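S.K.: fold the following.
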Amino acid sequence: VQLQASGGGFVQPGGSLRLACAASGFSLDYYAIGWFRRAPGKEREGVSCISTSDGTDYYEDPVKGRFTIVRDNAKNTVYLQMNSLIPEDTAVYYCAAGPTIASFVSWGQGTQVTVSS
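M.R.: Sure thing, here's the model as predicted:
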């Protein structure tokens, strides 16, 4: 059971990135998926998650209206589309899977996102 996060990089303010969380060894269809981030010197924080029951998506206030979480069950991947990026979005981003959005038990390695001019 492995999760692989990818898609990070360097982008200027106002730019976009799409992160991918791919699973191997299990189907993401049956799991809630969450995206988290840890900025330098800060605690890890939640960014967005999507439930397994009805596909409801949730966003933390700092990213509402800018980020979108999307499932692609055919590719066994969950994406985080990040638009209108700001320097405060700079962080290592992690994805996680669990039975519910309140219980994430499997974590992938992080992918670095740097927003800077």
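S.K.: next, name the residue at the spatial heart of the protein.
M.R.: In the chain, the residue lying closest to the centroid (C-alpha atoms, centre = their mean) is Trp35, at 3.0 Å.
S.K.: ok, now which ones touch the nearest residue to that one once chain neighbours are set aside?
M.R.: Excluding its sequence neighbours, the residue lying closest to Trp35 (C-beta to C-beta, 6 or more residues apart in numbering) is Val47, at 4.4 Å. Yep, even glycine has a C-beta here, placed from its N, CA and C like the rest. Val47 makes contact with 34-37, 59-60, 63, 67, 80, 93, according to C-beta atoms under 8 Å, 6 or more residues apart in numbering.
S.K.: buried subset of those residues, written for ChimeraX?
M.R.: Selecting only the buried members of the contacts of Val47 in ChimeraX, with burial defined as 16 or more other C-beta atoms under 10 Å, works like this:
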select :34,35,36,37,59,63,67,80,93
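S.K.: which of the contacts of Val47 sits closest to Phe10?
M.R.: Distance to Phe10 across these (C-beta to C-beta) is lowest for Tyr93, with 13.5 Å.
S.K.: that closest one and Tyr30, how far apart?
M.R.: According to C-beta to C-beta, to the nearest Å, Tyr93 stands 23 Å off from Tyr30.
S.K.: again with Gly15
M.R.: 34 Å.
S.K.: kindly report the same for Thr68.
M.R.: Taken as C-beta to C-beta, the span from Thr68 to Tyr30 is 22 Å.
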